[in-house]
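Engineer: Model the structure of this input:
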Amino acid sequence: MQNLKVIFEDNHIIVVEKPVNVPSQGDKTGDIDMLTIIKEYIKEKYNKPGNVYLGLVHRLDRPVGGVMVFAKTSKAAARLSEEVREKIFQKTYLVIVNGKMEEEKRSIRRLFIKK
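Structural biologist: This next block holds a predicted model:
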């Protein structure tokens, strides 16, 4: 099992630190991903036979490291997914830059366009 940094865990969710260059979910590269790592962790920790349910609530791009929330039950997954859709679930990004940025490029804003 990969070295997993668990920040918080209860019966409904697990919050972990995703390392840089690890995909959030499986992709065509076949590299080990967070869903697989956490499912293996849960299977071993709780001695669970068969498949382990784990809901992907949100993703971080492969080159990005940070905190991720996963649902351990389908009910938690549905509720958290609804919070993401309704923009109740908030994400904060901290960026570390090597070098000096030009004044006008220091602020990054994300625009949400409603259809």
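Engineer: How about Lys91, nearest residue that isn't a chain neighbour?
Structural biologist: If the residues on either side of it in the chain are set aside, Lys91 comes closest to His58, at 7.1 Å by Cβ to Cβ, 6 or more residues apart in numbering. C-beta coordinates here come from the backbone N, C-alpha and C atoms, glycine included.
Engineer: Tell me where the model's unsure across this structure.
Structural biologist: 1-2, 103-115 (pLDDT under 70).
Engineer: show me where it has helices.
Structural biologist: If DSSP state H is used as the criterion, the helices of the chain fall at 34-45, 74-85.
Engineer: Ends of stretch 40-58, what's the gap?
Structural biologist: 19 Å (Cα to Cα, to the nearest Å).
Engineer: Now do the same contact list for the closest residue to Leu35 other than its chain neighbours.
Structural biologist: Of all residues not flanking Leu35 in the chain, Gln25 sits nearest, at 5.0 Å (Cβ to Cβ, 6+ apart). The contact partners of Gln25, by Cβ atoms under 8 Å, 6 or more residues apart in numbering, come to 33-35, 56, 59.
Engineer: Without its sequence neighbours, what residue ends up closest to the residue nearest in space to the middle of the chain?
Structural biologist: The centroid of the chain falls nearest to Met68 when counting by Cα atoms, centre = their mean (2.9 Å). Closest residue to Met68 apart from its sequence neighbours, by Cβ to Cβ, 6+ apart: Lys18 at 4.9 Å.
Engineer: cool, and Lys75?
Structural biologist: Nearest non-adjacent residue to Lys75 (Cβ to Cβ, 6+ apart): His12, at 7.5 Å.
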